[in-house]
Structures are given as C-alpha cells and as structure tokens.
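J.: Sequence isn't available, so here's the structure alone:
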C-alpha cells in the first residue's frame, strides 16, 4: 500500500516502520525502542486491525478467524484507552502539587468505562460475572485484549501477610 492510502498518521507510520527495523536487532535495542514508543506502535497496530481502509500485508497475511479475533480485541483495547478511567488518570497531574481523583470519581469513571466496553462484541466478558477486584472487571479487560488470561499479581498481599506473620511471631 502506498503511504498516502494508509490510514495511519505520520507518527504511527514512522513508529511501525521503525518497529519492523528494530525487530531484527538484539533484544536490548527493540526493547528500548518499545519502552519509548509502545503506545504509538500499539495505536498503529490497532488502527490496522480495526479501521484500515486499504489493508496491507500486516493485515492480509492473517487468516480470517485470527483477523476477526485481533480486530475485536483491539477494539476492547482502544475503548479502554479512550474510556473515562484513562481520561481521568490523564487529567490528574500527580506529582505536581495537585490532587488526585477521589475513590468515588474513580468508581464512577470505571463504571462508565465498563458500560462502554460492554457494548462491544467481547463486552460480555468484561461486564458479566467478574472476579472480586478493586475495579471489578479490570483483569478481564486485559485478558480479553491479550487473548489469554491475565491474573492479578498477589506479591503485595503475600508480602503483607508474611510481614504480619513475622511481627506476630
């Protein structure tokens, strides 16, 4: 596909092209690049998977079922990234002497995000029967977008239990 036919923005095109080049480099090179450009590369890949008007071989090389799955999972990721919770986080200038959202604001933003996610084809996995978690359904959002189960880490909880046991001990 010629660049002018591509739906990607110039920064997305540049990031995607650079990602292809660094993919052939040793691990530290491409990890360093993705550390800095992961959101632009992810945005570019989601655009290709969800809304490409002139599919190139990034998309056409995939089997139809894989492409459908990828497209639906990218829609979940995009909806989450554009949702009320992420917007609330971006509006909170933590570390600059300003306040952070209160628990009610976070809960409200998460409820609106879950509602919007629930309208998607994979939304029932996010708003249905979900695990007990401070933001119910958040692990499910990440699992749906990843295409496999992502479980919350228990390191802090385990460490807390261990320290309490030592102190009581």
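T.: Great, that's in hand. Being a predicted model, the structure only gives us computed values, none of them experimental.
J.: Name the residues that touch the helix or strand encompassing residue 78?
T.: For residue 78, the enclosing helix or strand under DSSP states H and E is helix 64-81. For helix 64-81, the external contacting residues (CB atoms under 8 Å, 6 or more residues apart in numbering) are 42, 45-46, 49-50, 59, 62, 86, 113, 116-117, 120-123, 126, 141, 144-147. C-betas here are computed from N, CA, C, even on glycine.
J.: which among the residues you listed end up buried?
T.: For the contacts of helix 64-81, a burial check counting by 16 or more other CB atoms under 10 Å picks out 42, 45-46, 49-50, 59, 62, 113, 116-117, 120, 122-123, 126, 141, 144-145.
J.: For stretch 149-166, buried residues please.
T.: When burial is assessed from 16+ other CB under 10 Å, stretch 149-166 yields no buried residues.
J.: got a list of contacts for that stretch?
T.: 131, 133, 139, 142, 143.
J.: how far does that stretch sit from the chain's center?
T.: 24 Å (CA atoms, centre = their mean, to the nearest Å).
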